[in-house]
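Novice: coords please:
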Amino acid sequence: QVQLVESGGGLVQAGGSLRLSCAASGRSVNNYAMAWFRQAPGKEREFVAGINWSSVNTYYADSVKGRITISRDNAKNTVYLQMNSLKPEDTAVYYCAARWMVVVTTPNYYYWGQGTQVTVSS
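Specialist: Okay, here's the model as predicted:
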């Protein structure tokens with residue numbers, strides 16, 4: 001079993017930055033693809049960014065390209081989401097997720113965190 005705990009969410013003004021962290025425990029996630037999803041009120045959960053097990057490949061939703069960067073530190077069993085130039089439409093609960101090896105943009109992940117709220121004010 002893998003437990004994922006997100007942190008770093010909060011309230012920020014439009015144009016600001018936040019860095020989310022996702023700490024994994026229970027077992028190493030070095031061989032897992034990791035991803036961030038988000039869900040705004042009344043909307044479906046959507047893919048934001050993903051990174052494969054080796055960090056060679058990263059994937060981003062079109063809506064966040066150029067503003068958000070995903071990275072991982074396998075030594076710390078942690079994944080990060082650096083979010084810059086935030087917009088009010090980025091407001092959502094952000095979830096960390098893990099699955100074996102390969103990033104997919106659908107919510108077909110084995111493990112999920114409890115989520116962290118990001119609110120961007122205009």
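Novice: would E89 count as being in a strand?
Specialist: No. The assignment for E89 by DSSP: H, G, I helix; E, B strand; the rest coil gives helix, which leaves it out of any strand.
Novice: pretty sure N30 contacts R72?
Specialist: No. Assessed by C-beta atoms under 8 Å, N30 is found out of contact with R72, at 9.0 Å. Heads up, the C-betas are built off the backbone N, CA and C, glycines and all.
Novice: the two: which is more packed in?
Specialist: Neighbours of N30 and R72, each counted by other C-beta atoms under 10 Å, are more numerous for R72; the result is 23 against 12.
Novice: quick one, phi psi at the closest residue to S85 other than its chain neighbours?
Specialist: Closest residue in space to S85, ignoring its immediate chain neighbours: R67 at 4.6 Å, by C-beta to C-beta, 6 or more residues apart in numbering. Torsion angles at R67 (phi, psi; degrees, to the nearest 10) stand at phi -120, psi -20.
Novice: what about this protein, any weak spots by pLDDT?
Specialist: Within the chain, no stretch has pLDDT under 70.
Novice: need the residue closest to the centroid of it.
Specialist: A centroid search over the chain (C-alpha atoms, centre = their mean) returns W36, at 2.4 Å, as the residue closest to the centre.
Novice: tell me which element that one is part of?
Specialist: strand 32-39 (DSSP states H and E).
Novice: contacting residues around that strand?
Specialist: 2, 20, 22, 45-53, 59, 70, 72, 79, 81, 90, 92-104, 107, 109, 115, 118 (C-beta atoms under 8 Å, 6 or more residues apart in numbering).
Novice: between the two ends of stretch 52-70, how far is it?
Specialist: Taking C-alpha to C-alpha, to the nearest Å, stretch 52-70 runs 10 Å from one end to the other.
Novice: show me where this structure has its strands.
Specialist: 3-7, 10-13, 18-25, 32-39, 46-51, 58-60, 68-73, 78-83, 92-100, 111-112, 116-121 (DSSP state E).
Novice: so S71 sits against S55, correct?
Specialist: Yes. Applying C-beta under 8 Å, one finds S71 in contact with S55, separated by 7.2 Å.
Novice: show me what contacts L18?
Specialist: Per C-beta under 8 Å, 6+ apart, neighbours of L18: G8, G9, G10, V12, M83, L86, V118.
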